[in-house]
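>>> How does the following fold in three dimensions:
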Amino acid sequence: MAYADLTGSGIETIAHLQENGRIVVMFCAFTGGPQILRLHGRGEVITPEHPKFPLLSSQFPGLPGLRAIIRIDVERVGDSCGYAVPFFDYAGPRDTLDNWAKAKGPAGLTAYRAKKNATSIDGLRGLKS
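Take a look at the predicted model:
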């Protein structure tokens, strides 16, 4: 599986994947019956310089803040009851990040990532400048 990693002020997932390759993705049911699903596996950070990036990024069109694709080899799927997960109503997507990234432009995003995404909060290497 793969998901789009968008520009943000942190770089934790990328930094920790580069350190040890392990990842867990958790899904919670906020409507309907209670349920939690966890995907455990090994992840790979696919940045724009990576040969697989053009193919994978084509699966996520129109994301101006796209900084990487996180590709995961799922090794274990676990589920649990989710009895304590609260109900939430989905109100719709936000366009704030897309608008921010469009306003920054490619050069502005590069500069922002160099400043904010070089290291994780615990000092691990993030994105290369």
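
>>> hey, where'd the strands end up in the protein?
Ranges of strands in the chain, per DSSP state E, are 2-6, 22-28, 36-46, 66-80.

>>> what comes up buried for the longest helix seen in the chain?
Longest helix in the chain by number of residues (criterion: DSSP state H): helix 96-116. Of the residues in helix 96-116, 101, 104, 109, 112, 113 count as buried by neighbour count, 16 or more other CB atoms under 10 Å. Glycine gets a C-beta too; all of them are placed from N, C-alpha and C.

>>> For that helix, C-alpha coordinates in CSV please.
Taking C-alpha atoms only, helix 96-116 is exported to CSV below (Å, rounded to 0.1, in the frame of the first residue of the first chain):
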residue,chain,number,x,y,z
THR,A,96,-6.1,25.0,3.8
LEU,A,97,-2.9,23.0,3.0
ASP,A,98,-3.5,22.9,-0.7
ASN,A,99,-4.1,26.7,-0.8
TRP,A,100,-1.0,27.3,1.4
ALA,A,101,1.2,25.0,-0.8
LYS,A,102,-0.1,26.7,-4.0
ALA,A,103,0.7,30.1,-2.6
LYS,A,104,4.2,29.0,-1.6
GLY,A,105,5.0,27.6,-5.1
PRO,A,106,7.7,25.1,-5.8
ALA,A,107,10.6,27.3,-4.7
GLY,A,108,8.8,28.3,-1.5
LEU,A,109,8.0,24.7,-0.7
THR,A,110,11.6,23.7,-1.2
ALA,A,111,12.8,26.5,1.1
TYR,A,112,10.2,25.6,3.8
ARG,A,113,11.1,21.9,3.7
ALA,A,114,14.8,22.8,4.0
LYS,A,115,14.0,24.8,7.1
LYS,A,116,11.3,22.7,8.8
